[in-house]
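K.L.:
can't give you the sequence, but here's the structure:
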């Protein structure tokens, strides 16, 4: 008898919890790209990338100048001087390679840092819209594969309205 009651209660609780679940979807990448702040982030990212590129160009010019200078003066140099300069040039070359490898990582870190406030603002709006409309679960549609999505549960436009982001006009 206890087993039957326990099974009945578990079934009842499961059906109640399933019945209370309301799932929505959102295209967060679409919203982020339409936010006015995104243009500022793109500009700052490009400026940062340009600074990294200019520092790299300075390093490369210095390296190329030193290599040319070494080749021009090599016949007149002693063995000790050659070894010392070759060691310096090798170290400089390794520094340039390391700078190239780190450049991509630095760029990604900077972009993440600049995007963080936009995602925080978006998440706050998603939370508000989800609570206002009774959603217990909101899934992002960017990059996910869904067999079926009911557009009635897509909160993208509601979140855009909450953020004050306007949808671009479609020109045919």
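P.N.:
Okay, I see it. These figures come from a predicted structure and were not determined experimentally. Numbers count the residues shown, from 1 in each chain.
K.L.:
just the helices in the protein please.
P.N.:
2-19, 28-34, 36-73, 79-133, 156-163 (DSSP state H).
K.L.:
could you dump those to TSV with mean pLDDT, mean neighbour count and distance to residue 170?
P.N.:
Glycine gets a C-beta too; all of them are placed from N, C-alpha and C. Output for the helices of the chain, formatted as TSV (pLDDT from 0 to 100; neighbours: other Cβ atoms under 10 Å; distance: least, Cβ to Cβ, whole Å):
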stretch	mean pLDDT	mean neighbour count	distance to residue 170
helix 2-19	63	9	38
helix 28-34	88	16	13
helix 36-73	90	13	20
helix 79-133	90	13	23
helix 156-163	84	19	14
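K.L.:
need these in TSV with distance to residue 171, can you?
P.N.:
Converted to TSV, the helices of the chain look like this (distance: least, Cβ to Cβ, whole Å):
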stretch	distance to residue 171
helix 2-19	44
helix 28-34	16
helix 36-73	20
helix 79-133	26
helix 156-163	19
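K.L.:
of those helices, which is nearest residue 142?
P.N.:
helix 28-34 (4.3 Å; Cβ to Cβ).
K.L.:
tell me what that closest one is packed against?
P.N.:
helix 79-133, helix 156-163 (3 or more Cβ pairs under 8 Å, 6 or more residues apart in numbering; DSSP states H and E).
K.L.:
between the shortest one and helix 79-133, how many degrees?
P.N.:
Which is helix 156-163. 100 degrees (axes from the mean of the first three to the mean of the last three Cα atoms, to 10 degrees).
K.L.:
quick check, distance from helix 156-163 to the centre of its chain.
P.N.:
21 Å (Cα atoms, centre = their mean, to the nearest Å).
K.L.:
other residues contacting stretch 29-36?
P.N.:
Contacts with stretch 29-36, where a contact means Cβ atoms under 8 Å, 6 or more residues apart in numbering, come from 38, 115, 118-119, 121-122, 140, 142, 156, 159-160, 163, 165-168.
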